[in-house]
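1. The amino acid sequence is not available; the structure is as follows:
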């Protein structure tokens, strides 16, 4: 076949995942799936390609510009594009399949695409995975509590320690805008400023609000309320204090009631008290949240950013499908979680899942080595056979490079005695086993 | 947030996978992964988006037309497209990462895209999954044997019975063209005709070759050799007969030696003799094969088509990367396998993996139900709690619709006595357990 030679290049902002990363990514996803399933979430997948008009007009203009369009029926209603996230395609599925039993809990783990300027160092890519869970069709705080529990259980199972799930409620933030004596229309503006209290000192946030022509007598209410915290930043307002502030503000009281309910549920689920906290300074970027919101960070590793983020969005799907469809969900950032685990030394070096390499002593003993390899595999043990009867040293070197811990040697002596020599590639130690002993030993490695 | 209402439509030729299909697809992939790993294959992933010039000129003109291009830097060398298969992106990875330890065995499970006319009934879609395994860097027949064993082990584990892995060698087909007294340049033509012997009678194949101006004295050699078979089609040539035909034809003898070696290796691996067969009428479509080729069908279900197909292609990667890189691999057709399992009634009805639904008797007992749900989950059991204290009948109906087999009831009596009532939704039977008994029982469901 005639093949034109071309320079092998990878698309800018995209990544190849080789085994050393893929093995961990697979393990993380496997862990996530197990927990999702434990809570009754079911898998769905949607195609990468959607009609462009299904995607646009949902995220805002800035995001719309980042949608990758295909060179396909351009300018028609059949113009096609790559999905920008998993939430809008999921909303489309819900709108098309009205018969799905509600509440419908789904997980969806797929790549998404954004025509952004790649910043690999900041973990920003053009193609990356999202792991989303969403439960639709229920306004019960039980469902919100479940989502928070899932986040807790996954991060714990992955080995994270000291993470904190910060919880707030958009209704409380709406109430707080009223408490500040400001018009509801300023909620977005105020939320964005409050959100920064985690990263910058109060006086800078105040300055910012003043520069946006918010009157000083209103802004001062903000600065008075938050207690002083570490590093010149603010501390946390307690639930009791928030409850006091919201007295007489209907929307705020509603938010407090929801949070009390939510925390009561969390109290009798599998989640340690120190892993979550009420945090009135959490606002989250997206406009569509309507109730509880939550975000997970590693307080001791502020540079890592949030590992998960989500909340309740009771109006998004209904405005899409025309049917009242309350919803709550979260994204777990696979890339962020992987990168955090890498930075925190939580990942072992892994180039392979092979437990044992069976070497081939000579041309005449290939079938013996192959028989042994087969019986190891029959016993459910991941085993490789070296492909050529070359010098044992080269075969050891292959095991070494790939990170296979054990090597089996069957030379003529071993064959005669029905034995196998096992070499531990790390300690260099060698041990002789009968075939039967070997299978027993190998089942435990 | 203002959202424009649009008609929810799915891209033509693409599919949404809802839980009833996704659960099975996930299980099939999980099974594949386990076997791949047992044979030392490691996971990789490549991005969906590749530069267009990485993809074109590899598959032939017809296929190139089916590549989805993005509306991105059109006409420049940075023009981008969606990958058409996983083999070319894998070749690019090999060319870019020359330091990968060889032999390098990888599996890769990802969607691919083809701008084709969708024919859902024939299982032809514009977006579908490929599950590929390839081993590069070895010419040893051990590696070919492994690939065949993997196919056998996966199909067996999935529950297929009576499948047949047909095995041939391109070198034997090359030799056969010489045996027919024809020029090597006609190999492709002859292969395509031989490939049809499985589907049409010999006389039609002969007619086709004559119509292509192949002299009758050559064509007759083909019709003489194949023994008569069932349904007017041809039977199989034995290995002994093939060996006899190839005597004195160097390339053919080489092919026979390889096949003998391959079958000797298969003989001492985990594969029953009746699951594979030498079949000189197997040719496979793609031009790039150079050695053993193999394809799996269900002889009793001819309409289903091949479940897997692959072979050795020692020159493809080297012509791409410039470095000698022998390779052998196979594709396992996830959609084809899923559809075959569906048609053969091998898949249970599955809308959920939830084992048990914990109902909520009243507003006052939510926390009791939640506590029980948590302890079930703690014990590793997939459990859901109903989200609202509505009538039990509605909660049972939810379990029924979702296909959850067991329902737990904790009313006031149960709470008082530290008990739980379990209802089997299929038989209607009810049993009372203490909390401790329940966890023990539930671990076994």
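-> Structure received. Fair warning: this is a prediction, and the values are worked out from it, not measured in the lab.

2. name the element the closest residue to residue A:430 other than its chain neighbours belongs to?
-> In space, and not counting its chain neighbours, residue A:430 is closest to residue A:423: 4.9 Å by CB to CB, 6 or more residues apart in numbering or on different chains. The C-beta positions use only the backbone N, C-alpha and C, and glycine is treated the same way. Per DSSP states H and E, residue A:423 falls inside strand A:419-424.

3. got the buried residues for the following helix or strand past that strand?
-> The helix or strand immediately downstream of strand A:419-424 is strand A:430-434, counting by DSSP H and E. By neighbour count with 16 or more other CB atoms under 10 Å in any protein chain shown, strand A:430-434 contains the buried residues residue A:433.

4. Give me the angle between strand A:430-434 and strand A:419-424.
-> Orientation check (axes from the mean of the first three to the mean of the last three CA atoms, to 10 degrees): strand A:430-434 against strand A:419-424 gives 150 degrees.

5. So what touches strand A:430-434?
-> A:414, A:418, A:419, A:420, A:421, A:422, A:423, A:424, A:441 (CB atoms under 8 Å, 6 or more residues apart in numbering or on different chains).

6. make it 6 Å
-> Contacts made with strand A:430-434 from outside it, assessed by CB atoms under 6 Å, 6 or more residues apart in numbering or on different chains, are listed as A:418, A:419, A:420, A:421, A:422, A:423.

7. Tabulate the residues you listed (TSV), appending distance to residue B:132.
-> Converted to TSV, the contacts of strand A:430-434 look like this (distance: CB to CB, whole Å):
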residue	distance to residue B:132
A:418	39
A:419	38
A:420	33
A:421	36
A:422	33
A:423	33
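
8. Among those, which pair sits farthest apart?
-> A:418 and A:423 (18.5 Å; CB to CB).

9. how about the residues of the stretch 301-445 of chain A that lie near chain B?
-> Applying CB under 6 Å from any CB of the partner chain, we find that the stretch 301-445 of chain A lies next to chain B at A:319-320, A:352-354, A:367, A:370-371, A:374, A:377-378, A:382, A:384, A:387-388, A:401-402.

10. Buried only: go through those for me.
-> Applying 16+ other CB under 10 Å to these, the neighbour count classes A:319-320, A:352-354, A:370-371, A:374, A:377, A:382, A:384, A:387-388, A:402 as buried.

11. Now, the residues of the stretch 301-445 of chain A next to chain B that are in strands?
-> residue A:384 (DSSP state E).

12. so where do the strands sit in the stretch 101-250 of chain A?
-> All strands of the stretch 101-250 of chain A, identified by DSSP state E, counting those that start in this stretch, fall at A:104-113, A:127-136, A:164-169.

13. what would those strands look like in TSV with mean pLDDT and distance to chain B?
-> Below are the strands of the stretch 101-250 of chain A laid out as TSV (pLDDT from 0 to 100; distance: least, CB to the nearest CB, whole Å):
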stretch	mean pLDDT	distance to chain B
strand A:104-113	97	7
strand A:127-136	96	5
strand A:164-169	98	17
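
14. Residue B:91: which of those is closest?
-> So among the strands of the stretch 101-250 of chain A, strand A:127-136 is nearest, using CB to CB, at 19.4 Å.

15. A helix includes residue A:287, no?
-> No - read with DSSP: H, G, I helix; E, B strand; the rest coil, residue A:287 is coil and lies in no helix.

16. Could I get the pLDDT score of it?
-> Looking at residue A:287, its pLDDT reads 73.

17. Repeat that for residue A:121.
-> Looking at residue A:121, its pLDDT stands at 80.

18. got it, and residue A:300?
-> What the model reports for residue A:300 is a pLDDT of 91.

19. what do you get for the one 3 residues further on?
-> pLDDT, the model's per-residue confidence, is 85 for residue A:303.

20. What is the neighbour count of the closest residue to residue A:222 other than its chain neighbours?
-> Excluding the flanking residues, the one nearest residue A:222 by CB to CB, 6+ apart is residue A:180, at 6.1 Å. When counting by other CB atoms under 10 Å in any protein chain shown, one arrives at 20 neighbours for residue A:180.

21. Now do the domain split for chain A, please.
-> Split into domains by automatic domain parsing, chain A comes to A:17-156+A:298-351, A:164-292, A:356-442.

22. With respect to burial, which of the ones you listed scores highest?
-> Highest mean neighbour count among these (mean count of other CB atoms under 10 Å in any protein chain shown): domain A:17-156+A:298-351, with a mean of 19.

23. Tell me where chain A is predicted with low confidence.
-> For chain A, the stretches with pLDDT under 70 are A:1-5, A:285-286, A:319-320.

24. before we move on, back to that, identify whichever of the domains of chain A lies nearest to residue B:251.
-> Each of these was scored for nearness to residue B:251 using CB to CB, and the closest is domain A:356-442 (22.8 Å).

25. So for that closest one, first residue to last residue, what's the gap.
-> The first and final residues of domain A:356-442 sit 8 Å from each other (CA to CA, to the nearest Å).

26. Following the host helix or strand of residue A:256 in sequence, what is the next regular element?
-> Element membership for residue A:256 (DSSP H and E) is helix A:250-267. For helix A:250-267, the following helix or strand on the C-terminal side (DSSP H and E) is strand A:276-278.

27. Mind listing residues that contact the following helix or strand past that next one?
-> Proceeding N to C from strand A:276-278, the next assigned helix or strand is strand A:292-297, under DSSP H and E. Applying CB under 6 Å, 6+ apart, the contact partners of strand A:292-297 are A:144, A:148, A:151, A:163, A:165-169, A:262, A:282, A:284, A:306-309, A:311-312.

28. Likewise for stretch A:31-43?
-> Residues outside stretch A:31-43 that contact it (CB under 6 Å, 6+ apart): A:105-107, A:131, A:133, A:146, A:150, A:153-154, A:157-158, B:19, B:22, B:26, B:352-354, B:377, B:382, B:384.

29. starting at the chain centroid, how far to that stretch?
-> For stretch A:31-43, the separation from the chain centroid amounts to 13 Å (computed by CA atoms, centre = their mean, to the nearest Å).

30. now the nearest residue to residue A:212 once chain neighbours are set aside: how far from residue A:290?
-> In space, and not counting its chain neighbours, residue A:212 is closest to residue A:189: 6.4 Å by CB to CB, 6+ apart. Using CB to CB, to the nearest Å, residue A:189 is found at 18 Å from residue A:290.

31. related to what we said a few turns ago, could you dump the domains of chain A to a markdown table with distance to residue B:436?
-> Putting the domains of chain A into a markdown table (distance: least, CB to CB, whole Å) gives the following:
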| stretch | distance to residue B:436 |
| --- | --- |
| domain A:17-156+A:298-351 | 20 |
| domain A:164-292 | 18 |
| domain A:356-442 | 33 |
